[in-house]
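K.L.:
after the sequence you'll find the predicted model.
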Amino acid sequence: MRILIITLLSLAACSPGPYSNTNRDYKKQSKELSKLYLEYPVSDSAGLKYPADWVGTTNFSVRRPNFVVIHHTAQNSCEQTLKTFTLKRTEVSSHYVICKDGTVHHMLNDLLRGHHAGVSKWGNATDLNSSSVGIEMDNNGFEPFTEEQINSLVEVLGRLKRAYNIPTANFIGHADVAVGRKVDPNRYFPWKKLADNGFGYWYDTTNVSVPADFNAVQALRVIGYDTRKLEASINSFKIHFVQNDTTKVISEADKKILFELVKKYQ
Ligand SMILES: [Zn+2]
């Protein structure tokens with residue numbers, strides 16, 4: 001009888017929510033990873049060929065994220081996304097999921113590597129998963145984002161920017177860093193509003209005359225786009241900066257935008 005009571009009490013203490021099993025798995029995995037930090041001497045890329053030569057420095061800290069990559073989930077609800085990110089076979093994750101009602105689900109320590117960006121390139125940075133925090137916005141891909149959602153996002157971005165000193169230019173979209181492969185966040189995403197709050201850049205004016213020798217492709221590259229697939233990079237540029245234009249060519253109006261934008265990214 002006594003054992004039964006104790007069992008009942010301990011069951012009540014750790015209320016088994018729908019994610020108690022996957023939370024346990026998270027704990028186990030992070031514990032496993034922490035062993036890497038404790039290794040001494042270290043058997044990383046340098047190997048343990050000459051362990052006697054190992055001299056541990058006394059000055060170090062943990063690497064910090066330097067980019068934020070924003071996504072839309074392309075799913076039908078937050079619940080669906082939480083499920084997707086807690087199933088091993090999907091192999092995908094992000095640090096944050098922001099629901100339509102503004103609820104923020106933190107799913108992964110900012111200091112750990114999420115699996116959200118995939119093959120990616122922005123400027124000279126590759127493997128954005130290694131250097132970024134991933135934020136997923138609950139959105140089916142074809143609808144506007146809610147005000148509550150954007151307000152929560154701005155709050156999260158503010159905390160990330162302050163905590164890790166992330167440069168203004170480094171708040172970007174998945175489509176920006178995976179041209180030809182991804183189109184998120186969709187064309188409803190309020191990038192200008194974000195830029196007004198200090199996350200990413202926006203152009204100040206389009207009332208400019210662009211010099212005849214202005215190189216628009218080079219401007220795209222300076223901003224960060226991977227122009228090796230030019231059409232795809234123009235498409236990503238438009239999803240972000242010229243949202244009502246679905247063509248994949250650089251127009252005279254786009255040149256004005258690029259001419260203004262590039263000054264900020266240079
Ligand atoms: Zn994405």
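P.N.:
Nice, thanks for sending it over. Residues are numbered from 1 along each chain as shown.

K.L.:
what is the burial count for the residue of the stretch 101-250 of the chain at minimum distance from the ion?
P.N.:
Closest approach between the stretch 101-250 of the chain and the ion, counting by Cβ to the ion: His174, at 3.4 Å. (Glycine included, C-beta is placed from N, CA and C.) Using other Cβ atoms under 10 Å, His174 is surrounded by 25 other residues.

K.L.:
next one: the one 3 residues further on
P.N.:
By other Cβ under 10 Å, 26 other residues sit near Val177.

K.L.:
is it true that it touches Val68?
P.N.:
No. Using Cβ atoms under 8 Å, Val177 is not in contact with Val68, being 11.0 Å away.

K.L.:
pull up the overlap in contacts between those two.
P.N.:
Shared contacts of Val177 and Val68, defined by Cβ atoms under 8 Å, 6 or more residues apart in numbering, are absent.

K.L.:
up against the ion, what does the stretch 151-266 of the chain have?
P.N.:
174, 184 (Cβ under 5 Å from the ion).

K.L.:
one step back: show me what contacts the residue of the stretch 101-250 of the chain closest to the ion?
P.N.:
His174 is in contact with 69-71, 116-117, 182, 184-185, counting by Cβ under 8 Å, 6+ apart.

K.L.:
closest one of those residues to Thr146?
P.N.:
Taking Cβ to Cβ as the measure, Pro185 is the one of the contacts of His174 closest to Thr146, at 13.0 Å.

K.L.:
and the closest one, what is it in contact with?
P.N.:
Neighbour list for Pro185: 70-72, 137, 139, 145, 173-175 [criterion: Cβ under 8 Å, 6+ apart].

K.L.:
kindly recompute the last result at 7 Å.
P.N.:
Neighbouring residues of Pro185 by Cβ atoms under 7 Å, 6 or more residues apart in numbering: 70-72, 137, 173.

K.L.:
repeat that for Gly200.
P.N.:
Contact analysis of Gly200 by Cβ under 7 Å, 6+ apart lists 168, 171-172, 191, 194.

K.L.:
what about it, which SS state?
P.N.:
coil (DSSP: H, G, I helix; E, B strand; the rest coil).

K.L.:
hang on, the earlier thing: let's see if you can find the most crowded of the contacts of Pro185.
P.N.:
Going by other Cβ under 10 Å, Ile70 tops the contacts of Pro185 with 29 neighbours.

K.L.:
count the residues that sit near Gly123.
P.N.:
So Gly123, with other Cβ under 10 Å, has 16 neighbours.

K.L.:
swap that for Tyr265, please
P.N.:
Close neighbours of Tyr265, defined as other Cβ under 10 Å, add up to 13.

K.L.:
tell me the phi and psi of it?
P.N.:
Torsion angles at Tyr265 (phi, psi; degrees, to the nearest 10) stand at phi -80, psi -20.

K.L.:
how about the residues of the stretch 1-150 of the chain near the ion?
P.N.:
His71.

K.L.:
just want the residue of the stretch 1-150 of the chain that's nearest the ion.
P.N.:
With Cβ to the ion, the shortest gap between the stretch 1-150 of the chain and the ion falls at His71, namely 3.3 Å.

K.L.:
measure that residue to Glu260 for me?
P.N.:
27 Å (Cβ to Cβ, to the nearest Å).

K.L.:
what of Lys31?
P.N.:
49 Å.

K.L.:
which of the two has more residues huddled nearby?
P.N.:
Each of Lys31 and Glu260 has its neighbours counted (other Cβ under 10 Å); Glu260 has more, 19 against 9.

K.L.:
what strand or helix carries the more buried one?
P.N.:
In this structure, Glu260 sits in helix 252-265 according to DSSP states H and E.

K.L.:
run the chain-centre distance for that helix.
P.N.:
On the basis of Cα atoms, centre = their mean, to the nearest Å, helix 252-265 is displaced by 24 Å from the centre of the chain it belongs to.

K.L.:
can I get the CA coordinates of it in CSV?
P.N.:
Backbone C-alpha positions of helix 252-265 (Å, rounded to 0.1, in the frame of the first residue of the first chain) are rendered in CSV as follows:
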residue,chain,number,x,y,z
GLU,A,252,14.8,49.7,-63.0
ALA,A,253,12.8,50.0,-59.8
ASP,A,254,14.7,47.1,-58.2
LYS,A,255,18.0,48.8,-59.2
LYS,A,256,17.0,51.8,-57.1
ILE,A,257,16.2,49.6,-54.2
LEU,A,258,19.5,47.7,-54.5
PHE,A,259,21.5,50.9,-55.0
GLU,A,260,20.1,52.2,-51.6
LEU,A,261,20.3,48.9,-49.8
VAL,A,262,23.8,48.0,-50.7
LYS,A,263,25.0,51.2,-48.9
LYS,A,264,23.8,49.7,-45.6
TYR,A,265,25.2,46.2,-46.1
